[in-house]
Structure formats: structure tokens, C-alpha cells
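# Pasting a predicted model and its sequence here:
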Amino acid sequence: MEEAIILNGRKLADRIENELSKRVEELYIATNKRPKLVTILVGDFAPSVTYVNMKKRACERVGLDCDIITFNENTTTDKLLEKINELNNDDSVDGIIIQHPVPSHINEQHCFNTVAVNKDVDGVSFYSFGKMCNKEKAFVSATSLGIIKLLKEYDIKIAGKHAVVVGRSAILGKPIAMQLLNANATITIAHSKTENLKEILQQADIVVGALGRPKYLQAEWFKKGVVLIDAGYNAGNVGDIDLENASEIASAYTPVPGGVGPMTIVSLLIQTVESFEEKITK
């Protein structure tokens, strides 16, 4: 078998950032304004803080305005809703993100659903998800958008292929399953309670690991030539797939880090710019 193709998300994200930077500068020349992304961070969960700072640096590279609004971990759902509604009504704000996860006492989905649909650049509300499922214009899950862009960049065929998504979260597993379905793949959604997972994965042409368990998906569970999309990120810079061994049988795979992660961030920037463009053309 030929050597596996490395689906280099970092390389593609860098190229998209360069293109976005030119686009943003043209918008600034035309309007004297820049697209603005606001992230709401609750608590000081270290991985979330790191990720939010990465997004801020990406905004700076592209020329977007970026604000980070922080709340302590004891804040309430009502306080967050108040701030979200304030941002919804702020015409200078084009994208709003609530950094996941929030403390367990907060109604996260209610907060997601309160974000104005035209500013829901992470595609996390029920409304955005429903529109995407029906192939209507909508902002979509940034991670799933990034995955689709990466597959298309490397000419990985989706239509007619059997894709198995391992994970069923509302912010990743379900959105990527629906986007692959919209791209004419045949979809199986598996999860932690799935029986005979190994047998199911043996049938997969494309596997998306989105379970949140380090190296849970083993190399011997895949058939030769499979395309492996590792959307997990765990302590020690490892994903959900045992890529160290599975890369030897795959036809293509995303590295961890440097695969899906950079594409998630750049997809947030893309959708924030699109939100701004939509606003100025009304």
C-alpha cells in the first residue's frame, strides 16, 4: 500500500489565514471596520484558557478584533444570558462563542440557543443545527466545517463512502455526521455504549474519532486504506485514535496535534468574516 497521506490541518489553516487576512484588509479599507469575535470564558479551566488564547492570536494574525469576556466559575446562567443578549444587540459584534465546557450548574445549551443565529459562528444552537441538517444556509460547527474543508483539500472522496463517527456530542459528533451525510456519505454513529464497535469500524471507509478517550480506537479495528480523522485531543498531545500504529494501515489521516485543531480555529474566523460581510451588504 502507498504511504499514507497526512492531512495537514496546520498547513491548510495557514493558507486560509493568509487569504482571510487580505479579505479582512479589503473590508477595512471599504468600511473602516473590522469583523469582531467575542469569546465568553467561564472559570479558569486550563485547556479552555489555552484554547481561547489560541483563538485570540489567530484573530490578531488575520486582523479581526477579538474580545475575551471572563466570568468566575460561580456565575449563573442568568448572568451569562444577560451578557449574551447584550452582545446580540451590539452591532459591532459579528461572532459570539461560549467556550465549552462551562461549569455543570450552568445551562449550557440554553446559553448556546440564546446566541443570535447571525452571530452563532460556532453553529451550536438548535436553530443553526436544524438548518444545517436541512441543507439551508447556516453557520455550522466549526470543527465539523474544518474537517470537511480538510477532506476536500486533499480530494478525499466522501460521496458513497461509509463513514463511522465515534462520538455523539451536540458540538461535534452529531454535526460532523450530518455534514458527511449532506456530502452523500453513508453514516453510522457509534458511541461508548455501542456493541461490536470493532466489527462496525472494520466496515468503515472513513472514521471520525470524537469520543474524548485517549488512543481508545485501536489500529486492528480498521481495514486497510481507511481514512482516519482524529478529532480528539487529550493530555499528552494524543487523540482518540492510536495513530502511532493505525497510520501504517490508513490511506490518509490527521495528525494530533496539527490536524483538526487548527482547522477548527480557522473555521471560526471564516464564519465571523462571513457574518460581517452579510451585515454590511444588508
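The structure has been received and is ready for your questions. Computed from a predicted model, the values in this text were never measured in an experiment. Numbering: from 1, shown residues only.
# if I pick the spatially most central residue of the chain, what's in contact with it?
In the chain, the C-alpha nearest the mean C-alpha coordinate belongs to residue 143, at 1.4 Å (Cα atoms, centre = their mean). Remark: with contacts taken as Cβ atoms under 8 Å, 6 or more residues apart in numbering, residue 143 is in contact with 171, 172, 175, 176, 231, 260, 263, 264, 267. Where C-beta positions appear, they are placed from N, C-alpha and C, glycine not excepted.
# where's the fourth one relative to residue 10, distance?
Yep, that's residue 176 we're talking about. 20 Å (Cβ to Cβ, to the nearest Å).
# Looking at these two, which has the bigger crowd around it?
Applying other Cβ atoms under 10 Å to residue 176 and residue 10 shows that residue 176 carries more neighbours, namely 29 against 15.
# Please report the distance of that one from residue 139.
For residue 176, the distance to residue 139 - Cβ to Cβ - is 15 Å.
# mind listing the helices for this protein?
Under the criterion DSSP state H, the chain contains helices at 9-31, 46-62, 77-88, 108-114, 126-133, 142-153, 173-182, 197-201, 243-246, 260-280.
# could I have the first one exported to CSV, CA atoms only?
These are the backbone C-alpha positions of helix 9-31, laid out as CSV (Å, rounded to 0.1, in the frame of the first residue of the first chain):
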residue,chain,number,x,y,z
GLY,A,9,-4.5,21.0,9.0
ARG,A,10,-1.8,23.4,10.1
LYS,A,11,-0.6,23.9,6.6
LEU,A,12,-4.2,24.5,5.2
ALA,A,13,-5.1,26.7,8.1
ASP,A,14,-2.1,28.9,7.5
ARG,A,15,-3.0,29.3,3.8
ILE,A,16,-6.6,30.2,4.7
GLU,A,17,-5.4,32.7,7.3
ASN,A,18,-3.3,34.4,4.6
GLU,A,19,-6.3,34.6,2.3
LEU,A,20,-8.6,35.8,5.2
SER,A,21,-6.0,38.5,6.1
LYS,A,22,-6.2,40.0,2.6
ARG,A,23,-10.0,39.8,2.7
VAL,A,24,-10.3,41.5,6.1
GLU,A,25,-7.9,44.3,5.0
GLU,A,26,-10.1,44.9,1.9
LEU,A,27,-13.2,45.1,4.2
TYR,A,28,-11.4,47.5,6.5
ILE,A,29,-10.5,49.8,3.6
ALA,A,30,-14.0,49.7,2.3
THR,A,31,-15.8,50.2,5.7
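# Good, we can wrap up now.
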